[in-house]
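Asker: Next input, structure requested:
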Amino acid sequence: MIFLGELRVEARLENLRIISFFLTGISQRLNLTEKVSFDIELALEEASANIVKHAYPDGQIGDMVIVVELIENSLRISLTDWGIPLHEEDVKPFDLDDPVETRIKGGMGLHFINTLMDEVYRNTSEALGSPNTLTLIKHVETLQPGIELPSALRERNAMLTVSQLLSTKIDLNELLGIIINELVDVIRAEGGTLYLVDRSRNELYSRILLDEIGELQEIRLQLGEGIAGDVALTGDLVNIRDAYKDTRFQIEFDQQSGYHTRSMLVVPLRNHQQEIIGVVQLVNKRGGYFTSRDERLVMAMAAQVAVSIENARLYAQEIQQRLLNQEVETAREIQRSFLPETPPQFEGWDIASYWKPMRDVGGDFFDFAILPDGRLGLMIADVSGKGIPAALFMAYSETVLRFAMTLDLSPGQILARANRFMIANSKSKMFTTVFIGILDTKSGVFEYASAGHNPPVIYKSAEKGSTYLAVSGVALGIFDNAHFASRRTVIASDDIVILYTDGLIEAIDEREEEYGEDRLASLLQDSASENASAIIHHVIEDVSSFASNEGIFDDVTLLVLRRADH
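Answerer: Have a look, this model is predicted:
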């Protein structure tokens, strides 16, 4: 079996001409006799018209697909639509005297004469929306060796090249070069331009191949400007014998290049949705003017060219998305490597952590450090922004803070040093909120400072209540001479401290009410008997339930410290 081509068009009567051009190209490629070519075109034209009228009634819009294959000495043509389905009771043998069928009871109506086809097969469909496929098989009769229709060899080779491009994954720039070369060669033009539409700028932009003088730089035209711009705007084919007599022609391009344009054939490119995505412009037919035969061939090829361009664009987008996904996954792994795999554990203490970015990567981070004197340093931070920019600044911020934490400094001094370094060495204008604490795991003394971060909640077991570790300070990376105060508290037996980022408390419900710090403090009090990991589980479960309809729209990070030395 040899695949010859595929054409997908919207089921509209005006597209029957495109189908005819497509089949003409197939016939020329195979060097079929005029009789066989006529039979095939007539049969497909009537079947397609029937689909337009009966498969999509009442102004419905749908597509039909024609696939042409060569099986030994027979041509198999499959015509598929997704309209009113076929039913077995509507299938009956053909007879020359039978009236023309229609799609009664959802059946596939056929405008077919029995003698045109050697065999007719119909696949039935049980459910609306499934494809209806009519398969037609016709014995191939070719012209005698040495006999060929005018220009048939060149035309069918060009159709073959463009048809094969439909199923290839090719760079768009390379595709445009192949297409314009094929068109220039088969039509016997001196040169050509293939313009694509840039919707973001309401312009056409070009890839130029003028064999006489070589490639020119890109040309950009407003839609409606010049002949190509006018065709892109109106969708009308233009065939001009003397370009200089047409008021739309822009003579300055000839003046700049030294080229002399005489005749022009300009054809729109339409995608499946009949949207104009570009324009093919051929110039200076060798030995005369562009003919109606040239118009038909370029129109037929243009239908396939548009599909090729759309496929190439989709493929380029797919490749770009794959690369982006790989890069994001790599960034996530790198970012995850900056975070501790497990919290450090000390006798008499239970510590747990949770980190989840809203996207694949985020701006939240946390860290632990065992200081030279044996105390535990910890921090939780939130970088401004989301996604990859925030992840990059997160890595930078954590590196600066991690180094500062190893110095013999108080929490406030650590933040002040990190702030000065970030302002001196970063031009990103991003900032980071940070809470830093240094814990003496033997005495329970907890010294802390904040750079504009949410105050942690501390549950005091002796008092059976919760309060906040509030302390003044602005985010890092904003003010050069910012001051950061340090404070102290003592974490006693069965006390719990929960550190968090704002993505947790800013989750909203359907009434746009925030989860808030008070709910977190109340939940911590209710979960006071649980271990650190269970507390995190209860918090995430409660917040997720609270924001079930709206979702959580920010990165979320949690650290829980529980003293359990009894």
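
Asker: pLDDT on the helix or strand harbouring Ala43, on average?
Answerer: If you go by DSSP states H and E, Ala43 is part of helix 34-50. For helix 34-50, mean pLDDT rounds to 79.

Asker: cool, stretch 388-408 as well?
Answerer: In this model, stretch 388-408 has an average pLDDT of 82.

Asker: One more: stretch 14-21?
Answerer: 80.

Asker: Alpha carbons of that stretch, as CSV, please.
Answerer: What follows is stretch 14-21, C-alpha atoms only, in CSV (Å, rounded to 0.1, in the frame of the first residue of the first chain):
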residue,chain,number,x,y,z
GLU,A,14,-17.3,26.1,-1.8
ASN,A,15,-14.6,23.6,-0.8
LEU,A,16,-15.6,21.1,-3.5
ARG,A,17,-13.3,23.0,-5.8
ILE,A,18,-10.4,22.3,-3.4
ILE,A,19,-11.3,18.6,-3.4
SER,A,20,-11.3,18.6,-7.2
PHE,A,21,-7.9,20.3,-7.3
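
Asker: Give me the contacts around that stretch.
Answerer: For stretch 14-21, contacts defined as CB atoms under 8 Å, 6 or more residues apart in numbering pick out 7, 9, 41, 44-45, 48-49, 52, 66, 296-297, 299-300, 303. (C-beta placed from N, C-alpha, C; glycine too.)

Asker: Report the buried residues of that stretch.
Answerer: Asn15, Leu16, Ile18, Ile19, Ser20, Phe21 (16 or more other CB atoms under 10 Å).

Asker: Let me have those residues in CSV, adding distance to Leu504 as columns.
Answerer: Converted to CSV, the buried residues of stretch 14-21 look like this (distance: CB to CB, whole Å):
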residue, distance to Leu504
Asn15, 56
Leu16, 62
Ile18, 58
Ile19, 60
Ser20, 65
Phe21, 63
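
Asker: Tell me which of these fall in helices.
Answerer: Taking DSSP state H, the ones among the buried residues of stretch 14-21 that sit in helices are Leu16, Ile18, Ile19, Ser20, Phe21.

Asker: Can you tell me how far the fourth one is from Ala232?
Answerer: It refers to Ser20. Per CB to CB, to the nearest Å, Ser20 is found 24 Å from Ala232.

Asker: Check the contacts of stretch 14-21 and tell me the two furthest apart.
Answerer: Val52 and Leu297 (24.1 Å; CB to CB).

Asker: Same drill for these two, tell me which one is more crowded.
Answerer: Comparing Val52 with Leu297 by other CB atoms under 10 Å, the one with more neighbours is Leu297, at 24 against 21.

Asker: So the more buried one, which state does it fall into?
Answerer: Following DSSP: H, G, I helix; E, B strand; the rest coil, we place Leu297 in the helix state.

Asker: So Ser384 sits against Phe431, correct?
Answerer: Yes: the pair Ser384 / Phe431 is scored as a contact, 5.1 Å apart, by CB atoms under 8 Å.

Asker: what's the overlap in contacts for these two?
Answerer: Common contacts of Ser384 and Phe431, defined by CB under 8 Å, 6+ apart, comprise Ala475.

Asker: in the stretch 1-150 of the chain, which ranges drop under the pLDDT threshold?
Answerer: 34, 38, 59, 85-130, 143-150 (pLDDT under 70).

Asker: Show me where it has its strands.
Answerer: 2-10, 63-71, 74-81, 119-123, 132-139 (DSSP state E, counting those that start in this stretch).

Asker: Then the stretch 151-300 of the chain?
Answerer: 189-198, 203-210, 220-222, 238-240, 264-270, 276-285.

Asker: Asp373: which of those strands is closest?
Answerer: So among these, strand 189-198 is nearest, using CB to CB, at 64.0 Å.

Asker: Please identify the buried residues of that closest one?
Answerer: Ala189, Glu190, Gly191, Gly192, Thr193, Leu194, Tyr195, Leu196, Val197.
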